[in-house]
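> The sequence isn't on hand, but the structure is:
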């Protein structure tokens, strides 16, 4: 799996869905864990550029980042990666996103 770094310098991110544990199985409620055994969370973000184009992305992150809906945030170390799978003969593919951290924009600006 190849990680593709995302240049976030020209984008504004707003939290549109609160952090919640990422589930492996909806039926059992099993939570995804990273290689260290820590819970993986998913956060819904809107990403807007200067021209007004907005995309919605779900970003996976280890641990609860503690951000809230409506908060302007910065995903630190954001990467995208391509995935594909076949279930019951049906092939699916897409791009998923992961970040090292998701921090409030005011914290990132001060750093």
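Structure's in. What do you need? Bear in mind that the values here come from a model prediction, so they are computed numbers and not experimental data.
> Let's verify the residue nearest to the spatial centre of the chain: helix, strand, or coil?
Compute the mean C-alpha point of the chain, and by Cα atoms, centre = their mean the closest residue is residue 59, 0.6 Å away. With DSSP: H, G, I helix; E, B strand; the rest coil as the basis, residue 59 sits in strand.
> Hmm, residue 93 is touching residue 82, no?
Yes: applying Cβ atoms under 8 Å, one finds residue 93 in contact with residue 82, separated by 7.1 Å. No exception for glycine: its C-beta is placed from N, CA and C like everyone else's.
> Residue 84: neighbouring residues, count only.
By the measure other Cβ atoms under 10 Å, the count of residues near residue 84 is 8.
> Give me the neighbour count for the closest residue to it other than its chain neighbours.
Nearest residue to residue 84, sequence neighbours excluded (Cβ to Cβ, 6 or more residues apart in numbering): residue 93, at 3.9 Å. Residues near residue 93, counting by other Cβ under 10 Å, number 9.
> again with the one 5 residues further on
Residue 98 is flanked by 19 other residues according to other Cβ under 10 Å.
> If it is in a bridge, with which residues?
Going by DSSP bridges, residue 98 is paired in beta bridges with residue 60, residue 79.
> That one and residue 76, how far apart?
Applying Cβ to Cβ, to the nearest Å, the value for residue 98 to residue 76 is 11 Å.
> now do residue 36
18 Å.
> Could you report the neighbour count for the closest residue in space to residue 50 that isn't next to it in sequence?
Of all residues not flanking residue 50 in the chain, residue 10 sits nearest, at 6.4 Å (Cβ to Cβ, 6+ apart). Neighbourhood size, residue 10 [other Cβ under 10 Å]: 9.
> any idea whether residue 10 is helix, strand or coil?
Secondary structure assignment for residue 10 (three-state DSSP): coil.
> so it sits right up against residue 53, yeah?
No: in this structure residue 10 lies outside contact range of residue 53 using Cβ under 8 Å: 10.9 Å.
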